[in-house]
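Visitor: need a structure here:
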Amino acid sequence: MNDTTLNSEIAAPYAKALMSVAADNNAVDQVGVEVADLLEVLDSSKELTGFLMSPLMSADAKKGVLRQISEGKVSGFLLSFLLLLVDRSRVAFLKPILQQYQALLRERNNTILADVTAAVELSEDQQNAIRDRVKSMTGANSVELSVTVDPSLIGGLIIKVGSQVIDASLRGQLRRIGMQLAATA
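Guide: From the prediction side, this is the model:
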């Protein structure tokens with residue numbers, strides 16, 4: 001069993017449980033914002049992620065750190081959920097659980113996640129144009145963008161929505177021209 005399968009098998013039930021608790025408290029979207037903030041903290045601090053995943057660190061130390069970064073910033077039941085993950089030795093799966101929660105929230109709200117790789121930073125107008133284009137393609141209520149800048153694209157962008165990929169990059173166009181020239185030679 002690979003890591004992705006293991007992560008999803010463990011993450012999915014916990015994410016569904018968190019969704020259920022959030023729904024019972026009429027805070028599904030609020031928890032979505034709190035989860036996004038937590039993921040941002042985890043992504044920005046490799047030390048924090050390493051600390052939480054370390055089997056050498058005590059459960060009390062992990063709970064203390066989670067309280068420190070969460071208290072006053074997340075709802076009480078989300079903090080309790082985080083502490084429960086420590087008690088159940090599942091805190092190593094925190095990131096996949098939070099990502100799975102976001103996926104459930106997107107599904108619930110009929111929101112699509114579009115991964116955009118652009119050659120340069122995109123303006124707000126450009127991001128809105130991409131959102132509108134993806135909405136019209138998919139029929140989704142809203143679109144979340146995950147934007148990455150990759151100067152090797154030379155120009156243009158690549159949009160991934162699920163399994164669909166739209167390559168409007170200069171690098172992609174050059175590659176396609178090269179393949180056409182090779183096929184005719």
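Visitor: How about the contacts made by S8?
Guide: 96, 100 (Cβ atoms under 8 Å, 6 or more residues apart in numbering). To be clear about C-beta, it is placed using only N, CA and C from the backbone, and glycine gets the same treatment.
Visitor: How about the helix ranked longest in the chain, which residues are buried there?
Guide: Longest helix in the chain by number of residues (criterion: DSSP state H): helix 3-24. Using 16 or more other Cβ atoms under 10 Å as the burial criterion, the residues of helix 3-24 that qualify are 7-8, 10-12, 14-15, 18-19, 21-22.
Visitor: ditto for stretch 166-177
Guide: 166-167, 169, 171-172.
Visitor: now swap in stretch 52-70 and tell me
Guide: For stretch 52-70, a neighbour-count test (16+ other Cβ under 10 Å) marks 52, 62-63, 66, 69-70 as buried.
Visitor: any chance of these in a markdown table, plus secondary structure and pLDDT?
Guide: A markdown table is the format used below for the buried residues of stretch 52-70 (DSSP: H, G, I helix; E, B strand; the rest coil; pLDDT from 0 to 100):
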| residue | secondary structure | pLDDT |
| --- | --- | --- |
| L52 | helix | 91 |
| K62 | helix | 93 |
| K63 | helix | 94 |
| L66 | helix | 92 |
| I69 | helix | 89 |
| S70 | helix | 88 |
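Visitor: Using a markdown table, lay out these together with distance to T138.
Guide: Formatted as a markdown table, those follow (distance: Cβ to Cβ, whole Å):
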| residue | distance to T138 |
| --- | --- |
| L52 | 35 |
| K62 | 39 |
| K63 | 41 |
| L66 | 36 |
| I69 | 35 |
| S70 | 34 |
